[in-house]
Structures are given as structure tokens and as C-alpha cells.
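**Q** no sequence for this one, just the structure:
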């Protein structure tokens, strides 16, 4: 937890426009896009968020950079907009990846 990761993996399944699963069935990890990486002063000044997030498709090879985080409590995950099935699977996991860069490969 807290470690940076740089992965080149296939997207197993998109959960929605904010998250997707990577890894083999039964041992997948949820990747959630960290949309806003600004500090309070940057937000107050109106500086735009600078992230490298691109949409990906199921089965698409992608480069993912981010930080391994503990799965937060349910109230903090509401904005992730996960289905009940994805919520149940996430509940079995201890960690997820908060991505600050997602880039499809092969384009």
C-alpha cells in the first residue's frame, strides 16, 4: 500500500467511465482514475488538473501508472458509481490502484 506502480496490462473489463479491472479473473484489481490531482491552493487558483487519463476498452493493452491504495469505506466509494457486482468483488479485495495516467497502447 502506498507504492507506485507502472503496469502494461490488458484491461479485463470496464466497470464504468471512472474505473476498470485488470488481472486474471478471480484475482483482478480495480483501477480507479484519479481525476483531480491538484492541491487546495491549485484548486483555489483555478489551475486545471493535469492528468494523463484516456478511455480504454475491454481487452485493450494499456499503460497504467498510479498508487496502490487501501479500499476506502463505502461512503468514499459512492462517486465511483460501481455496480452491485463490482462492489461485491471489490469488498473481497484489500487494495485498488488510483491511476494518475492511463494510456492505451498500440495506437
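**A** Ah, there it is. Quantities reported herein were computed from a predicted structural model and do not represent experimental measurements. Numbers count the residues shown, from 1 in each chain.
**Q** next structured bit after the least confident helix or strand in the chain by mean pLDDT?
**A** Least confident helix or strand, the chain: strand 52-53 with a mean of 63, by mean pLDDT, DSSP states H and E. Later in the chain than strand 52-53, the nearest helix or strand by DSSP states H and E is strand 61-70.
**Q** which other helices and strands contact that next one?
**A** strand 4-14, strand 95-104 (3 or more Cβ pairs under 8 Å, 6 or more residues apart in numbering; DSSP states H and E). Glycine gets a C-beta too; all of them are placed from N, C-alpha and C.
**Q** can I get those strands in CSV including distance to residue 88 and mean neighbour count?
**A** As requested, those are exported to CSV (distance: least, Cβ to Cβ, whole Å; neighbours: other Cβ atoms under 10 Å):
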stretch, distance to residue 88, mean neighbour count
strand 4-14, 14, 14
strand 95-104, 14, 19
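**Q** the ones you listed: which one's closest to residue 44?
**A** Closest to residue 44 of the helices and strands packed on strand 61-70, according to Cβ to Cβ: strand 95-104, at 20.9 Å.
**Q** angles on the backbone of residue 2, please.
**A** Backbone torsions of residue 2, given as degrees, to the nearest 10, read phi 90, psi -10.
**Q** tell me if I'm right that it and residue 66 touch.
**A** No. Assessed by Cβ atoms under 8 Å, residue 2 is found out of contact with residue 66, at 11.4 Å.
**Q** circling back to that earlier point, got the helices and strands packed on strand 61-70 as JSON lines, with mean pLDDT and distance to residue 87 columns?
**A** Formatted as JSON lines, the helices and strands packed on strand 61-70 follow (pLDDT from 0 to 100; distance: least, Cβ to Cβ, whole Å):
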{"stretch": "strand 4-14", "mean pLDDT": "93", "distance to residue 87": "14"}
{"stretch": "strand 95-104", "mean pLDDT": "92", "distance to residue 87": "12"}
